[in-house]
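Chemist: Compute the structure for the input listed below.
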Amino acid sequence: MRERRPGARGVRRGRGGAAVLALLGTLAAGGLTACGGTGPGGAGHAPFQKVLDRQAAALREGDKNGYLAVLDPRAAGYRTEQRQVYRNLRRLPLDRWSYEVADVTRRGNRATVEAGLRHRLAGYDRTTTVDTERLRFVRRDGAWRIAARAPGDATQLWEQGELTVVRGRHSLVLGVGRERAGLRALADAADRAVPAAGEAWPRKWSRRAVLEAPSSVADMARLLGSPASSYEGIAAVTTGEAGGEAGERAAGEGPGRSGDAPADRIVVNPQAYGLLSEEGRQVVLTHETTHVATRRQTTPATPMWLSEGFADWAGYRTTKLAPRAAAPELARAVGRRAEGNADRGGAAAPRALPADEDFRFGNDPARLARAYEGGWLACRMVADQWGADALVALYERAGRAHGGKRPGTDAALRAVLGVDQAEFTARWRAYVAAELGQGRS
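Modeler: Numbers count the residues shown, from 1 in each chain. Model (predicted):
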């Protein structure tokens, strides 16, 4: 389904796709003084840490006046914004909310503070998420107050307007600028996706899904830290950090201790998702929820054709879509080759499994579609010819290769399926030709 680009793997909060949002806070010329800069607890951090601790405690205790008391009384616009943020945050099942100052840049009675914000949703997050906050402080009447967000501050959904929270049996849906009925429909679909993903991935995982539903593609892009054009035609993406027992996928830098990682969030594009059929929407959400399920076993060693193909296999396995309907771009390529037209324009039938770079955001849409379709058919072939248990075992074994640090797909295929990568690729090419040939419907 070309409207969908599911499952951005290894995406940290505040960035999308392969785009890295580097931490800011460099020192500028012209009399700026850096206080600390050597990590949490540096000299000069204490006054700002105290302010943030007060605000965090007020939020946890439900003290609205205390939350607002640390704000600059002259920053009328920011105070109005923070009143809404406070109301939004109090609607969430927060299990943790705290700050750790990482860097301070001062200039007289003004300062820019970078801090790690740690937060966790009770009953949904297995880890504490760490986001980078950048705030402007001003000193008034001998006290430091928060005056505004600073450039480079991570954008959160609860900062984009009034938040609506809908709870499902297995899901939590957070929406801004969306009708409650639409959010309820999302929760219902997610409640079906969680058990479907659990059937495909029977290993231990939270069996919970948190969905974020921004009001527009532009707001979605702000959440993920990439241009809006990156998400045109993309119905949903999953954020988080891959890696678990076998290793952790690098996902940018930032203040944080070992064990802190971004929580999984399924971010829904209101435009592209809305264009899909009901069946298409269910495939999308099952695909994305499968990424949540497999997160701990997905490492830098896991090839993209396997991680994305497995998620597609989970999404499509209960549908009645024929392979040619589910893989139209690859079917066209196979058809051109069968007719001897491979050299007359258009892509030829694939000779190799999709490479990781074929899945990048910004690729030609047809190339991206062929990569997803090829990965799906590879996983479908494994399930058809070796069984679903073998597909799960292959996923796990591939993720453990070289300690989860670099691919070892050939060894994983030999160990689980008894074939090397060359034989597997040959069998996959034959399977693709057979499933997508002109005689198949």
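Chemist: mind listing the strands for the stretch 251-400 of the chain?
Modeler: 265-268 (DSSP state E, counting those that start in this stretch).
Chemist: That one: helices as residue ranges?
Modeler: 270-274, 278-294, 304-316, 323-326, 328-338, 365-385, 388-400 (DSSP state H, counting those that start in this stretch).
Chemist: Would you reformat those as a markdown table and include mean neighbour count?
Modeler: C-beta here means a position set from N, CA and C on the backbone, and glycine is covered the same way. Below are the helices of the stretch 251-400 of the chain laid out as a markdown table (neighbours: other CB atoms under 10 Å):
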| stretch | mean neighbour count |
| --- | --- |
| helix 270-274 | 17 |
| helix 278-294 | 25 |
| helix 304-316 | 27 |
| helix 323-326 | 18 |
| helix 328-338 | 20 |
| helix 365-385 | 22 |
| helix 388-400 | 20 |
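Chemist: Redo the ones you listed as JSON lines? Include mean pLDDT.
Modeler: Listed next are the helices of the stretch 251-400 of the chain as JSON lines, based on pLDDT from 0 to 100:
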{"stretch": "helix 270-274", "mean pLDDT": "94"}
{"stretch": "helix 278-294", "mean pLDDT": "97"}
{"stretch": "helix 304-316", "mean pLDDT": "98"}
{"stretch": "helix 323-326", "mean pLDDT": "95"}
{"stretch": "helix 328-338", "mean pLDDT": "84"}
{"stretch": "helix 365-385", "mean pLDDT": "96"}
{"stretch": "helix 388-400", "mean pLDDT": "98"}
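Chemist: So for D103, which of these sits nearest?
Modeler: Among the helices of the stretch 251-400 of the chain, the nearest to D103 by CB to CB is helix 278-294 (32.1 Å).
Chemist: If you count contacts, what does that closest one end up packed against?
Modeler: helix 180-200, strand 209-213, strand 236-239, strand 265-268, helix 304-316 (3 or more CB pairs under 8 Å, 6 or more residues apart in numbering; DSSP states H and E).
Chemist: export the helices of the stretch 251-400 of the chain to a markdown table and tack on distance to V432?
Modeler: Conversion of these to a markdown table gives the following (distance: least, CB to CB, whole Å):
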| stretch | distance to V432 |
| --- | --- |
| helix 270-274 | 27 |
| helix 278-294 | 20 |
| helix 304-316 | 12 |
| helix 323-326 | 9 |
| helix 328-338 | 6 |
| helix 365-385 | 5 |
| helix 388-400 | 17 |
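Chemist: closest to A57 out of these?
Modeler: helix 278-294 (31.2 Å).
Chemist: Output that closest one as PDB - backbone C-alpha positions only.
Modeler: Output of helix 278-294 as PDB, limited to C-alpha atoms (Å, rounded to 0.1, in the frame of the first residue of the first chain):
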ATOM      1  CA  GLU A 278     -10.500   0.300   7.200                       C
ATOM      2  CA  GLU A 279      -8.500  -2.700   6.300                       C
ATOM      3  CA  GLY A 280      -5.500  -0.600   5.300                       C
ATOM      4  CA  ARG A 281      -5.600   1.300   8.600                       C
ATOM      5  CA  GLN A 282      -5.600  -2.000  10.500                       C
ATOM      6  CA  VAL A 283      -2.600  -3.200   8.600                       C
ATOM      7  CA  VAL A 284      -0.800   0.000   9.400                       C
ATOM      8  CA  LEU A 285      -1.500  -0.100  13.100                       C
ATOM      9  CA  THR A 286      -0.600  -3.800  13.400                       C
ATOM     10  CA  HIS A 287       2.600  -3.200  11.500                       C
ATOM     11  CA  GLU A 288       3.600  -0.300  13.800                       C
ATOM     12  CA  THR A 289       2.500  -2.200  16.900                       C
ATOM     13  CA  THR A 290       4.700  -5.100  15.800                       C
ATOM     14  CA  HIS A 291       7.700  -2.800  15.900                       C
ATOM     15  CA  VAL A 292       6.800  -2.100  19.500                       C
ATOM     16  CA  ALA A 293       6.600  -5.800  20.200                       C
ATOM     17  CA  THR A 294      10.000  -6.600  18.600                       C
END
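Chemist: what is the orientation angle of it with helix 304-316?
Modeler: 130 degrees (axes from the mean of the first three to the mean of the last three CA atoms, to 10 degrees).
Chemist: could you give the angle of helix 278-294 to helix 365-385?
Modeler: 70 degrees.
Chemist: switch to numbering from 12
Modeler: Sure thing, new numbering starts at 12, so read that last one as helix 289-305.
Chemist: from the chain's centre, how far out does helix 289-305 sit?
Modeler: 13 Å (CA atoms, centre = their mean, to the nearest Å).
Chemist: can you pull out the strands in the stretch 12-161 of the chain?
Modeler: With DSSP E, counting those that start in this stretch as the criterion, the stretch 12-161 of the chain has strands spanning 44-46, 105-118, 121-132, 140-151, 154-160.
Chemist: got the ones you listed as a markdown table, with mean pLDDT columns?
Modeler: Shown next, in a markdown table, are those (pLDDT from 0 to 100):
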| stretch | mean pLDDT |
| --- | --- |
| strand 44-46 | 33 |
| strand 105-118 | 97 |
| strand 121-132 | 97 |
| strand 140-151 | 96 |
| strand 154-160 | 98 |
